[in-house]
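*Asks:* I would like to see how this sequence folds:
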Amino acid sequence: MYDHLEKSTLKQKYIKIFLVVSAYWFISISTVFINKALFASSLINLDAPLFVTWFQCLLSTLICFGMSIISKCFPAQFKFPDGNPIDFNVSKKVLPLSILFTCQIAANNLCLKYVGVAFYYVGRSLTTVFNVVFSLILLGQKTSLKCIWCCAAIIFGFWLGVDQESLTDSFSLKGTLLGVLGSLTLSLYSIYTKKILPHVNQEIWLLSYYNNFYSCFLFIPLIILNGELSNIVSYENLGKSWFWSIMIVGGVCGFSIGIISVLQIKVTSPLTHNISGTAKACAQTVIATQWYSETKSFLWWMSNLIVLGGSAMYARVKQLEMSESQSKSDFAQKI
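*Replies:* Predicted coordinates for the structure are as follows:
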């Protein structure tokens, strides 16, 4: 009887993990393709990627605000961290991070506008490398030789990918440079997030609420400087319901990524989340080449495999190092 219950519980756990991982893959891949359509497709035909990104931040802010209201009305059934983004003390602490948040999503989305979906992962694959560099410069954290070799593999894969992509008609130097900038700002954002989280009681969702709220204002001058206002005003489909439906779907998917990522880590582990993300990127690349009928060279595919392999190995090495460090700490406490 006990064995039967144990097997049943284990089966339910595996089903839950499968559903969460599948949802993560579906939402993440769908978001990239929807955003690509919004940023650069003949169907939408709106040259205003920062306006689209601004709308997604606005929608995320409204969702967070709605969740906050529901939490206050029904505290027993639903919980959302309490916070006020208009508070001066809060904005003074969080605003510098929100600037990085705005820069990284602007750079990544502009990168997606100019490069193909198939090359998007490789184009912004240097985040891990920048994490190692900035952790040393800003935090004084040294990196093991194994991790450095993994970073070397990622850099080589990135270089090979850019070299092979440059031989195709879809290559964009501007998009590639924006991908590097996106990786750099994302790395800085990740590092500074650890410093800011204590100021918001370690509440990730509250920080997301603040970042999206402030980004709604930070994006306005960027939209103006990018010359998008005239494109928005003259856009022929601005009043069409189908356009706003796609915009809302894209925004909801973008917001949902955060939820499903946290849920995937919760039901699996940070390492499994990283491996799942790496595998998802591989699937996304294959789907994109088929969807857009792109033919890539052998070396182009090798560059993707090298970047994916280097990223997966880095995640594995870091996980082993953290486990070893924790074991030593536990042993020292026992002594």
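*Asks:* output the below-cut-off pLDDT ranges for the stretch 1-150 of the chain.
*Replies:* Within the stretch 1-150 of the chain, the segments meeting pLDDT under 70 span 1-8.
*Asks:* repeat the analysis, applying 50 as the threshold.
*Replies:* Low-confidence segments of the stretch 1-150 of the chain (pLDDT under 50): 1-2, 5.
*Asks:* show me where this protein has strands.
*Replies:* In the chain, no strands are defined using DSSP state E.
*Asks:* which parts of it are helices?
*Replies:* For the chain, the helices defined by DSSP state H cover 2-39, 49-73, 88-114, 117-123, 127-139, 145-165, 173-196, 204-225, 229-233, 241-267, 270-291, 298-334.
*Asks:* give me whichever of those helices is most buried.
*Replies:* helix 117-123 (a mean of 25; mean count of other Cβ atoms under 10 Å). For every residue, glycine as well, the C-beta is placed using N, CA and C.
*Asks:* what are the contacting residues of it?
*Replies:* 32-33, 36, 111-112, 115, 157-158, 161-162, 165, 170, 175-176, 179-180, 281, 284-285, 288-289, 291-292, 294, 296, 303-304, 307 (Cβ atoms under 8 Å, 6 or more residues apart in numbering).
*Asks:* what residues sit buried inside stretch 76-91?
*Replies:* 80-81, 83, 85, 90-91 (16 or more other Cβ atoms under 10 Å).
*Asks:* between those, which is nearest L100?
*Replies:* Taking Cβ to Cβ as the measure, L100 lies nearest S91 of the buried residues of stretch 76-91, at 14.7 Å.
*Asks:* surely that closest one touches Y214?
*Replies:* Yes - S91 is in contact with Y214 according to Cβ atoms under 8 Å; the separation is 7.0 Å.
*Asks:* what's the overlap in contacts for these two?
*Replies:* Joint contacts of S91 and Y214 (Cβ under 8 Å, 6+ apart) are P85.
*Asks:* what would the buried residues of stretch 76-91 look like in JSON lines with distance to L222?
*Replies:* JSON lines is the format used below for these (distance: Cβ to Cβ, whole Å):
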{"residue": "F80", "distance to L222": "29"}
{"residue": "P81", "distance to L222": "28"}
{"residue": "G83", "distance to L222": "25"}
{"residue": "P85", "distance to L222": "19"}
{"residue": "V90", "distance to L222": "23"}
{"residue": "S91", "distance to L222": "19"}
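*Asks:* closest to L218 among these?
*Replies:* Nearest to L218 among these is S91, at 11.7 Å by Cβ to Cβ.
*Asks:* spit out the contact partners of that closest one.
*Replies:* Each residue near S91 by Cβ under 8 Å, 6+ apart is listed here: 85, 210, 214.
*Asks:* ok, now how distant is it from L197?
*Replies:* Look at S91 and L197: by Cβ to Cβ, to the nearest Å, they are 16 Å apart.
*Asks:* residues in contact with stretch 198-207?
*Replies:* The contact list for stretch 198-207 (Cβ under 8 Å, 6+ apart) reads 64, 67, 80-83, 90, 93-94, 97, 193, 196-197, 210, 258, 262.
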